[in-house]
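Participant: One predicted model, sequence on top.
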Amino acid sequence: MKTINIPSLYEYLSIYDFANMFNIYPDNKLADPNMRSFSINKTLIIKNIDKTPPTYFENYNPKQTDSWLLISFYAYDTTELWWLICKTNRITDPTIEPYEFESLKILKKSYINSILKQIRDAK
């Protein structure tokens, strides 16, 4: 995969816009050979999430109508952090909607900017 690094591009992206960090792969399972998929699991690893003190999290029990985007909006006032919720909860397939009443760990909003800065600085 060819990567183009444009450092000044971050000036134009919101602090939450990390969609470009996920690697894109050919997907042999799809009927169209030109289709691609991305994997949040192969690109980003959040270390020691199990060792993070519980005070960093809130619990959320999804409703039947919730999607990852909607939960992100409820938690962070933006739909762009759905991937962080999936990574925090070890969701490997974000195309499967959250299960109703399954307790999810949501990183508290007050910690998000520092976490995103650490991720961005590590790239």
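Facilitator: All right, it came through fine.
Participant: Please enumerate the helices of the chain.
Facilitator: Ranges of helices in the chain, per DSSP state H, are 40-43, 68-76, 82-88, 109-122.
Participant: what's the third one packed up against?
Facilitator: Put plainly, it is helix 82-88. Here helix 82-88 is seen to pack against helix 40-43, helix 68-76, strand 104-107 when contacts are counted using 3 or more CB pairs under 8 Å, 6 or more residues apart in numbering; DSSP states H and E. Using the backbone N, CA and C atoms, a C-beta is placed for each residue, glycine as well.
Participant: what mean pLDDT does that helix have?
Facilitator: Averaged across helix 82-88, the pLDDT comes to 89.
Participant: Now it - C-alpha only, PDB.
Facilitator: Listed next in PDB are the C-alpha coordinates belonging to helix 82-88 (Å, rounded to 0.1, in the frame of the first residue of the first chain):
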ATOM      1  CA  TRP A  82     -17.000   4.900  17.100                       C
ATOM      2  CA  TRP A  83     -13.700   3.100  16.500                       C
ATOM      3  CA  LEU A  84     -12.400   4.100  20.000                       C
ATOM      4  CA  ILE A  85     -15.500   2.500  21.600                       C
ATOM      5  CA  CYS A  86     -14.900  -0.600  19.500                       C
ATOM      6  CA  LYS A  87     -11.200  -0.800  20.400                       C
ATOM      7  CA  THR A  88     -11.900  -0.200  24.100                       C
END
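Participant: Right, I'll leave it there.
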